[in-house]
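> here's my sequence, what's the structure:
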Amino acid sequence: MKSIVLFATVCLVAFTACGQNDKTKRASPPAVATGTTASGATITINYSQPSVKGRTIGKDLEPLPGKVWRTGANEATVFEVNKDVKVEGQALPAGKYGLYSLATGDDWVIIFNKTWKQWGTEYSEAADALRVKVKAGKASAFAEKFTISVGKDGVVHLLWGAYDVPFKVE
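Below is the predicted model:
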């Protein structure tokens, strides 16, 4: 009897572990935003899409005012550029970065962190490569799922709920 229980437990653990590799089954599924700037730099952003689900952004769920947010869900959002770029006029070398943000009302700080391969809540300010301050705007339509877009003009939009937080990459 003990061997049957042990076998069943091992099978359940193995099945659960295998299922976790399929990120599309998560409550906040993965997404990718890509674009190319006028200077030819390719931007690729890998992130997960949390949903509002009737909650209030800034109160019931992130981004909470004054707290660093992983700018998505699950693992850190990965912002990658294949060439050196300028973000809001400030230099950012080619490479991969963890994308974080800090909301304080209409002012947001977009953070590019050198540590990109980690769980999203494991943030260390000491590893920041660049911080830029931008203004949040009102989205043209309510975004139930957090969405990132990259325009042909190099403007990246973070859209969630009524928020549209744009920043320029050139």
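> avg pLDDT for stretch 151-160?
For stretch 151-160, mean pLDDT is 95.
> start to end distance for it?
Start and end residues of stretch 151-160 are separated by 17 Å (CA to CA, to the nearest Å).
> quick check: buried residues in it?
G154, V156, H157, L158, L159, W160 (16 or more other CB atoms under 10 Å). To be clear about C-beta, it is placed using only N, CA and C from the backbone, and glycine gets the same treatment.
> what sits against the first one?
Contacts here follow CB atoms under 8 Å, 6 or more residues apart in numbering; on that basis G154 touches G35, T37, A38, A41, I43, K168, V169, E170.
> now with 10 Å, please.
With contact taken as CB atoms under 10 Å, 6 or more residues apart in numbering, G154 is in contact with 35-39, 41, 43, 85-87, 167-170.
> likewise for the last one?
Applying CB under 10 Å, 6+ apart, one finds that W160 lies in contact with 49-52, 57, 61-63, 71-72, 139, 142-148.
> which of the buried residues of stretch 151-160 fall in strands?
Judged by DSSP state E, strands contain the following of those: V156, H157, L158, L159, W160.
> so can I have JSON lines of the residues you listed showing distance to R131?
Shown next, in JSON lines, are these (distance: CB to CB, whole Å):
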{"residue": "V156", "distance to R131": "15"}
{"residue": "H157", "distance to R131": "19"}
{"residue": "L158", "distance to R131": "15"}
{"residue": "L159", "distance to R131": "21"}
{"residue": "W160", "distance to R131": "20"}
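> closest to S101 out of these?
For these, the minimum distance to S101 (CB to CB) is 7.0 Å, reached by L158.
> on that earlier part again, export the contacts of G154 to JSON lines and tack on distance to G120?
Output for those, formatted as JSON lines (distance: CB to CB, whole Å):
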{"residue": "G35", "distance to G120": "22"}
{"residue": "T36", "distance to G120": "26"}
{"residue": "T37", "distance to G120": "26"}
{"residue": "A38", "distance to G120": "31"}
{"residue": "S39", "distance to G120": "29"}
{"residue": "A41", "distance to G120": "24"}
{"residue": "I43", "distance to G120": "19"}
{"residue": "V85", "distance to G120": "23"}
{"residue": "K86", "distance to G120": "25"}
{"residue": "V87", "distance to G120": "20"}
{"residue": "F167", "distance to G120": "19"}
{"residue": "K168", "distance to G120": "24"}
{"residue": "V169", "distance to G120": "21"}
{"residue": "E170", "distance to G120": "27"}
